[in-house]
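Trainee: need a structure here:
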Amino acid sequence: MNNKQALPWDNPRFKNWIALVRAEKAVVRELTRSLATLDLKIGQLDVLMNLYRHPGMSQHDLARRLLVGRSNITMLLPQLESQGLLRREGDARDKRVMRLFLTEDGETKLMEALKLYTELIDRVMAQSTPAQCDAMGEQMRRISEMLKED
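Mentor: Prediction:
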């Protein structure tokens, strides 16, 4: 390697990016551990949250909203359905479309999971002032927007 070439880890942006990635991995690890007590995975929580906010959403719309392929959703839904957390109903206008709804048990499980999730968020974000949290959120939204897939 050319000794005169700048190395990425000498760049403050690179160091900060690595810190961000490590923090994200730590949060995912902790959320995964917390949700395991409820027999839930993060992807399942994402589904439950979206169906709570948008009842009757189609599988296609759910996949788009979660930024995953329909095959991923096709694998997640039977698990949640067999746990009694969601139900599928045919669309009255288009027989090819299945509409998704939380069951009462699904809503109860979601509320338990959201309690754990918000406790984690509060614990993590307590490391920053409200202004720092706002700045961090704004920066993450700009990054997401810049890298947004069409």
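Trainee: and the one residue sitting closest to the centre of the chain, what is it in contact with?
Mentor: With distances taken as C-alpha atoms, centre = their mean, Asp46 lies nearest the centre of the chain, 5.0 Å away. Residues near Asp46 by C-beta atoms under 8 Å, 6 or more residues apart in numbering: Leu66. Glycine gets a C-beta too; all of them are placed from N, C-alpha and C.
Trainee: chain center to the host helix or strand of it: distance?
Mentor: Applying DSSP states H and E as the criterion places Asp46 in helix 42-53. Helix 42-53 has its C-alpha centroid displaced from the chain centroid by 8 Å (C-alpha atoms, centre = their mean, to the nearest Å).
Trainee: a strand runs through Arg65, doesn't it?
Mentor: No. Arg65 sits outside any strand when classified using DSSP: H, G, I helix; E, B strand; the rest coil, being helix.
Trainee: From Leu35, how far off is it?
Mentor: 20 Å (C-beta to C-beta, to the nearest Å).
Trainee: same check, this time on Ala131
Mentor: Distance from Ala131 to Leu35, by C-beta to C-beta: 30 Å.
Trainee: the more surrounded of these two?
Mentor: Each of Ala131 and Leu35 has its neighbours counted (other C-beta atoms under 10 Å); Leu35 has more, 19 against 8.
Trainee: Helix, strand, or coil at the more buried one?
Mentor: From three-state DSSP, the assignment for Leu35 is helix.
Trainee: Surely it is in contact with Gly43?
Mentor: No. Judged on C-beta atoms under 8 Å, Leu35 makes no contact with Gly43 at a distance of 10.1 Å.
Trainee: ok, how many other residues are close to the closest residue to Glu112 other than its chain neighbours?
Mentor: Nearest residue to Glu112 in three dimensions, chain neighbours excluded: Leu38, at 5.7 Å (C-beta to C-beta, 6 or more residues apart in numbering). Per other C-beta under 10 Å, the neighbour tally for Leu38 reads 15.
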